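Asks: prediction below, plus the sequence it came from.
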Amino acid sequence: EVQLVESGGGVVQPGGSLRLSCATSGFSFRSFWMSWVRQAPGKGLEWVANIDEDGSVTRSVDSQKFTISKDNARDSVHLEMNGLRVDDTAVYYCTREGGDLLPSSHWGQGTHVTVSS
Amino acid sequence: DIVMTQSPDSLAVSLGERATINCKSSQSVLYTPNRRNYLAWYQQKPGQPPKLLLYWASARESGVPDRFTGSGSGTDFTLTINGLQAEDVALYYCQQYFTTPKTFGQGTRVEV
């Protein structure tokens, strides 16, 4: 069974940084693209970033704010977030994508990030 | 970025009736060489992550009931739920994966 478990969320002050992690199991991690999608409270879904199978290709909605990385030795994916603002408050979901141009077939339960002073 | 617009924002349907959700993209998500539409539909129930229902506009993900049907091409797409069940009450999102960022529609709430 595919499992994605996010961690690292919490409360951070505006301008601060946070590192989210996603531990995976149940599939060949090094064979899949991974991504992060977020959802602000009561709002819709926003795709944030993705990374290819071996971690050499990354894409992001804001490369200055979000850095995605992949650790194929530990079957985990991470999201570094910098310069956080109040409107970055959201649930951040880790997802497994079918490929570069494929949708997210598996989702974690999400980790909450609150940006507040 | 490709903008995805869903309509309506919400709809109420009687049990057993049909629900229809529309999704329009600001540019075509049809890749002509393979004739595929890079369009997916997700279902999200309260307190849960989204669940992939359909991809390539009309292909059902494994385990998705056949009452969920996708149609459309280019810029205009439809998700139809035939014979609405109580467990179908949820938010539904379309997403284009033709290019990054893989943008979502704003969501449509389906109620009974």
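Replies: Received, thanks. Numbering: from 1, shown residues only, chains lettered A, B, ... in the order given.

Asks: beta-bridge partners for residue 25, please?
Replies: You didn't say which chain, so I picked chain A. Counting by DSSP bridges, A:Ser25 forms beta bridges with A:Gln3.

Asks: oops, wrong one, chain B.
Replies: On the basis of DSSP bridges, B:Ser25 is bridged to B:Met4.

Asks: could you check the pLDDT of it?
Replies: Looking at B:Ser25, its pLDDT is 98.

Asks: okay, now it: neighbour count?
Replies: Neighbours of B:Ser25 under the rule other Cβ atoms under 10 Å in any protein chain shown: 24. Using the backbone N, CA and C atoms, a C-beta is placed for each residue, glycine as well.

Asks: ok, it - contacts?
Replies: B:2-5, B:39, B:75-77, B:96 (Cβ atoms under 8 Å, 6 or more residues apart in numbering or on different chains).

Asks: what's the answer for B:Ser10, then?
Replies: Contact analysis of B:Ser10 by Cβ under 8 Å, 6+ apart lists B:108-111.

Asks: how about it, phi and psi?
Replies: phi -150, psi 150 (degrees, to the nearest 10).

Asks: of the contacts of B:Ser25, closest to A:Ala40?
Replies: Nearest to A:Ala40 among the contacts of B:Ser25 is B:Met4, at 16.7 Å by Cβ to Cβ.

Asks: among the contacts of B:Ser10, which ones are in strands?
Replies: B:108-111 (DSSP state E).

Asks: distance to A:Thr95 added to those residues, as JSON lines?
Replies: Output for these, formatted as JSON lines (distance: Cβ to Cβ, whole Å):
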{"residue": "B:Thr108", "distance to A:Thr95": "21"}
{"residue": "B:Arg109", "distance to A:Thr95": "22"}
{"residue": "B:Val110", "distance to A:Thr95": "23"}
{"residue": "B:Glu111", "distance to A:Thr95": "27"}
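
Asks: what does chain A have sitting close to chain B?
Replies: Proximity of chain A to chain B (Cβ under 8 Å from any Cβ of the partner chain) is limited to residues A:35, A:37, A:44-47, A:50, A:59, A:61, A:93, A:98, A:101-105, A:107-110.

Asks: switch the cut-off to 10 Å
Replies: By the rule Cβ under 10 Å from any Cβ of the partner chain, the part of chain A lying against chain B is A:4, A:6, A:35, A:37, A:39, A:43-50, A:59-62, A:91, A:93-95, A:97-110.

Asks: that older thread, just the buried members of the contacts of B:Ser10?
Replies: Taking 16 or more other Cβ atoms under 10 Å in any protein chain shown as the criterion, what is buried in those is B:108, B:110.

Asks: on that earlier part again, can you flag the buried ones in the residues of chain A next to chain B?
Replies: By neighbour count, with 16+ other Cβ under 10 Å, the residues of chain A next to chain B hold A:4, A:6, A:35, A:37, A:39, A:45-50, A:59-61, A:91, A:93-95, A:97-98, A:102-108, A:110 as buried.

Asks: quick one: which of those residues sit in strands?
Replies: Short answer: those in strands (DSSP E) are A:4, A:6, A:35, A:37, A:39, A:45-50, A:59-60, A:91, A:93-95, A:97, A:104-107.
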